[in-house]
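Enquirer: Here's my sequence, what's the structure:
(one chain, ligands or ions: 1)
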Amino acid sequence: MLTVGLLGAGRIGAVHAAAIAAHPRSRLAAVSDAVAASAETLAARHGAAVRATEDIVADPAIDAVLIATPTDTHADLIEAATAAGKAVLCEKPVDLSLERARACLRAADATGRPVMMGFNRRFDASFRALRAALDAGEIGTPEMLAVTSFDPAPPPLDYVRHSGGLFRDMAIHDFDMARFLLGGMPESVWATGSALVDPAIAEAAGDVDTAVATLRYADGRLAVVRNSRRAAYGYDQRVEVLGSAGLLEVGNMRETTLRRSTEAGVTGAKPTYFFLERYMPAYRAEWDAFVGVALDGAPVPVGLEDGVAALAVAEAATRSLATGLPVRLADV
Ligand SMILES: NC(=O)c1ccc[n+]([C@@H]2O[C@H](COP(=O)([O-])OP(=O)(O)OC[C@H]3O[C@@H](n4cnc5c(N)ncnc54)[C@H](O)[C@@H]3O)[C@@H](O)[C@H]2O)c1
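Expert: Next up, the predicted model:
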């Protein structure tokens, strides 16, 4: 049985708490949050204790921590928890600074403790099936990847202000998807973007809400990542890989599978609303994989180095957006 401490009882912390508590081989022992009431509500729901973050990290009776605090605390908490001998599952991104993330990777590696990153989409059944089909050579050699990732609505302006920008906060999942499906790192990234959803995202937060990043690999393969903070019809999560012998596609999950075919046309339900609806089974599968890592010594399926790699692509995209020029990964 894995005894777990959860750090951060916000939006995603609540999702993880449910997965930890429901798993037959893990127990949610303690929850911390900077806001006491948040920790209390979540801890009460799962019969866990409310404790300070530092106490959880220092307690030898806690085997593993799940870090679901704001991004600017992740690197410090990963370092402290691994130094205290814990296995760690940390939400994305590692940090907003690539330099800080790289230092964190070195420090965590030196402890020898496993760190897994919360790239939940790698545990989604459809994307796993896509990866298996690629591995089996079903479409020959992959040549071009297209990732579409549109949120239903933008987050609050204050969140955007502290998010590190769309590429580090949002597209990072898609850059990791490119790594999951194509492997390795692109050689260069060329990105552009606009604030079309809400001008305040540019004016008050200095960010974009609509963006395209083109990743070019050394062997000529291409990946296009398209992001928007608004899709009037729900959460749009699609992936397409074109290969020498065919095409593989993953489409959206829908609220229902009902399709109406009448003289007027063919219509169906909208995609599920957002990440909580779309990826709930993936968060549970992610936790199950982590339990295998922490209890059985299974290989880490998506590690801190993957978190740093996705952040490096995000950094290159952010610089490209600012300059209008392609940025080589070797230069970030
Ligand atoms: N993988 C995903 O699908 C996904 C989805 C949402 C958010 N995230 C990531 O998860 C992280 C949290 O996002 P969120 O949307 O849940 O934010 P949130 O603001 O809802 O929750 C964060 C919580 O952490 C608390 N907190 C702050 N400092 C703390 C500390 N030192 N110790 C304990 N608690 C502390 C805050 O009070 C807050 O309740 C972010 O890094 C975000 O990028 C990932």
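
Enquirer: Most proximal residue of the stretch 201-332 of the chain with respect to the ligand?
Expert: Phe275 (4.9 Å; C-beta to the nearest ligand atom). Any C-beta I mention is one placed from the backbone N, CA and C, and that applies to glycine too.

Enquirer: and that residue, what is it in contact with?
Expert: The neighbourhood of Phe275, defined by C-beta atoms under 8 Å, 6 or more residues apart in numbering, consists of 120, 235.

Enquirer: Recalculate using a threshold of 10 Å.
Expert: With contacts defined as C-beta atoms under 10 Å, 6 or more residues apart in numbering, Phe275 is in contact with 11-12, 15, 120-121, 151-152, 173, 235, 237, 282-283.

Enquirer: Please apply the same query to Pro60.
Expert: Counting by C-beta under 10 Å, 6+ apart, Pro60 touches 84-86.

Enquirer: most neighbours, which of the residues you listed?
Expert: Of all the contacts of Pro60, the highest neighbour tally under other C-beta atoms under 10 Å goes to Lys86, namely 25 neighbours.

Enquirer: CA atoms only: put stretch 96-111 into CSV for me.
Expert: This file holds the C-alpha atoms of stretch 96-111, laid out as CSV (Å, rounded to 0.1, in the frame of the first residue of the first chain):
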residue,chain,number,x,y,z
LEU,A,96,8.4,28.5,-16.0
SER,A,97,12.2,28.9,-16.3
LEU,A,98,14.0,26.3,-18.4
GLU,A,99,17.2,26.9,-16.5
ARG,A,100,15.5,26.3,-13.2
ALA,A,101,13.8,23.1,-14.6
ARG,A,102,17.2,21.8,-15.8
ALA,A,103,18.7,22.4,-12.3
CYS,A,104,15.7,20.6,-10.8
LEU,A,105,16.3,17.6,-13.1
ARG,A,106,19.9,17.4,-12.0
ALA,A,107,19.1,17.6,-8.3
ALA,A,108,16.3,15.1,-8.5
ASP,A,109,18.4,12.6,-10.6
ALA,A,110,21.1,12.8,-7.9
THR,A,111,18.7,11.5,-5.3
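
Enquirer: Report the distance from it to the chain centre.
Expert: Taking C-alpha atoms, centre = their mean, to the nearest Å, one finds stretch 96-111 lying 18 Å from the centre of the chain it belongs to.

Enquirer: For the stretch 1-150 of the chain, what lies in contact range of the ligand?
Expert: Remark: the part of the stretch 1-150 of the chain in contact with the ligand comprises 7-13, 32-35, 38, 53, 68-71, 73, 91-92, 118, 120, using C-beta under 6 Å from any ligand atom.

Enquirer: how about 8 Å then?
Expert: Proximity of the stretch 1-150 of the chain to the ligand is assessed by C-beta under 8 Å from any ligand atom, with 7-15, 32-35, 38-39, 53, 68-71, 73-74, 77, 91-93, 118-120 identified as the residues in range.

Enquirer: Restrict these to the buried ones and give me that as a PyMOL selection.
Expert: The following PyMOL command selects only the buried members of these, with burial defined by 16 or more other C-beta atoms under 10 Å:
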select buried, resi 7+8+9+10+12+13+14+15+32+33+38+39+53+68+69+71+74+77+91+92+93+118+119+120
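
Enquirer: Tabulate the contacts of Phe275 (a markdown table), appending secondary structure and pLDDT.
Expert: Putting the contacts of Phe275 into a markdown table (DSSP: H, G, I helix; E, B strand; the rest coil; pLDDT from 0 to 100) gives the following:
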| residue | secondary structure | pLDDT |
| --- | --- | --- |
| Arg11 | helix | 94 |
| Ile12 | helix | 96 |
| Val15 | helix | 97 |
| Asn120 | helix | 98 |
| Arg121 | helix | 98 |
| Asp151 | coil | 98 |
| Pro152 | coil | 97 |
| His173 | helix | 98 |
| Tyr235 | coil | 97 |
| Gln237 | strand | 98 |
| Ala282 | helix | 98 |
| Tyr283 | helix | 98 |
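
Enquirer: Out of the residues you listed, which is nearest to Leu28?
Expert: Minimum distance to Leu28 across the contacts of Phe275 is 12.5 Å, recorded for Val15 (C-beta to C-beta).

Enquirer: Pull the contacting residues for the residue lying closest to that closest one once chain neighbours are set aside.
Expert: Taking C-beta to C-beta, 6 or more residues apart in numbering, and ignoring the residues beside it in sequence, Val15 has Tyr283 as its nearest neighbour in space, at 5.2 Å. For Tyr283, the set of contacting residues under the criterion of C-beta under 10 Å, 6+ apart consists of 12, 15-16, 18-19, 118, 120, 123-124, 275-276.

Enquirer: go again using 8 Å as the cut-off
Expert: Counting by C-beta under 8 Å, 6+ apart, Tyr283 has contacts 15-16, 19, 120, 123.

Enquirer: And Val35, by the same measure?
Expert: Ala9.

Enquirer: Roughly how far does it sit from Arg45?
Expert: Distance from Val35 to Arg45, counting by C-beta to C-beta, to the nearest Å: 16 Å.
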